[in-house]
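[1] Output the structure for:
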Amino acid sequence: MPAGNADHGSGKPHGPERQALVSAPAPSASPQVQSVAVPEDRAGQRLDNFLAGRLKGVPKSLIYRVCRTGQVRVNGKRAKPDQRLEAGDEVRIPPVRVAERDEPAAPSQGLLERIEAAIIHEDREFLVIDKPAGIASHGGSGVSFGAIELLRAARPRDTLELAHRLDRDTSGVLVLTRKRSALTALQAAIREGRVEKRYLALVQGALPKPRLTVDAPLRKSVLQGGERMVRVDPDGKESRSRFTELERYADASLVEVALETGRTHQIRVHAQHLGHPLAGDEKYGEREFNKAMRDLGLKRLFLHAARFEFSLGERSYSFSAPLAPELAAVVDVLQGRGGAKAKVKAKA
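    Numbers count the residues shown, from 1 in each chain. Below you'll find the model as predicted:
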């Protein structure tokens, strides 16, 4: 069965959201406005991420609110959350505290053990996990603890940052950094398209041909209630996905998808656009196909981040994770129902 092996980053060589208040802080918190100079190693960081690092435990929703209302200033001027900071910038940070009455409990020991068991590689610059489906990359919007919060709780002495994100329902390789220099270098590589990201997905039916590229711009919108929806739109952002058929079954195909861009829900919407939606996709999928896959034991979105490769300077990294067991079990059932109709070897 096609699936990546966990090469442990073979570095070739290599709860409800907290209620928060902007008011007179608790006695234990600093009651004064802070004026913080941006250090050199934070140059290029987004304002919202800089504030999240300074205001530990404060939800992103509150950070966006204090920016929107002008309480945060950069060099004396109002600033948007996505503004990139420069070394030496003066950032005004208002007194912010989290209401103690709604403080969530610390993550359970079982959850901490689960996230530590998911670690597949760590060195001085990177920590990589095989993220289980059901765990968000980060907390917020009703999620108390995402992978980053759990790992920070499990490794309190580490300085961990997310280099990228996976949707909550997607399993597989998630890369975090331990050094600011590694974070900025890897994020630059992602922006410049120098990172190879490959996913495994089960789609409805058979693709029109074994290998094809979807070049369809995507536009993201937020519905009333906060739900994100993405659609193909000529005025959207450039988006490209390369689909390669690995195995074909009676009514589904296992495919590998290589991303040339990293838009929200990109694989799911491009698959829908092709007319071959992902199995288990309750938002963009096909109801009867999803039901048929549930009857075979599929209980989640069939999407797995199998490989993440990049080079920084003279060092190359390749992190991979095998198909999640609950997804591999579905493939076994499909293969057992008469076997794969055709096989195509994915490009290395």
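[2] Pull out the CA atoms of stretch 163-171 and give them to me as CSV.
    What follows is stretch 163-171, C-alpha atoms only, in CSV (Å, rounded to 0.1, in the frame of the first residue of the first chain):
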residue,chain,number,x,y,z
ALA,A,163,6.3,27.2,10.6
HIS,A,164,3.1,26.4,8.8
ARG,A,165,-0.4,25.0,9.6
LEU,A,166,-2.6,22.0,8.9
ASP,A,167,-6.3,22.0,9.1
ARG,A,168,-7.7,20.3,12.2
ASP,A,169,-9.1,17.3,10.3
THR,A,170,-5.8,16.8,8.4
SER,A,171,-3.2,14.4,9.8
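[3] ok, residues contacting it?
    Contacts with stretch 163-171, where a contact means CB atoms under 8 Å, 6 or more residues apart in numbering, come from 126, 130-138, 143, 172, 174-177, 182-183, 186-187, 190, 199, 262, 265, 300-301, 303-305, 321, 324, 327. Using the backbone N, CA and C atoms, a C-beta is placed for each residue, glycine as well.
[4] Now, these that are in helices?
    When the contacts of stretch 163-171 are checked against helices using DSSP state H, the ones located there are 182, 183, 186, 187, 190, 327.
[5] In space, what's closest to the first one - neighbours in sequence excluded?
    In other words, residue 182. Closest residue in space to residue 182, ignoring its immediate chain neighbours: residue 125 at 4.0 Å, by CB to CB, 6 or more residues apart in numbering.
[6] so who does that neighbour touch?
    177, 178, 179, 181, 182.
[7] rewinding a little: make a PyMOL selection of whichever of the contacts of stretch 163-171 turn out to be buried.
    To isolate the buried members of the contacts of stretch 163-171 in PyMOL, using 16 or more other CB atoms under 10 Å:
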select buried, resi 126+130+131+133+135+136+137+138+143+172+174+175+176+177+182+183+186+187+190+199+265+300+301+303+304+305+321+324+327
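[8] Mark which of the contacts of stretch 163-171 are part of strands, please.
    126, 130, 131, 172, 174, 175, 176, 177, 199, 303, 304, 305 (DSSP state E).
[9] now the contacts of residue 125 as TSV including pLDDT?
    Putting these into TSV (pLDDT from 0 to 100) gives the following:
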residue	pLDDT
177	95
178	93
179	92
181	91
182	94
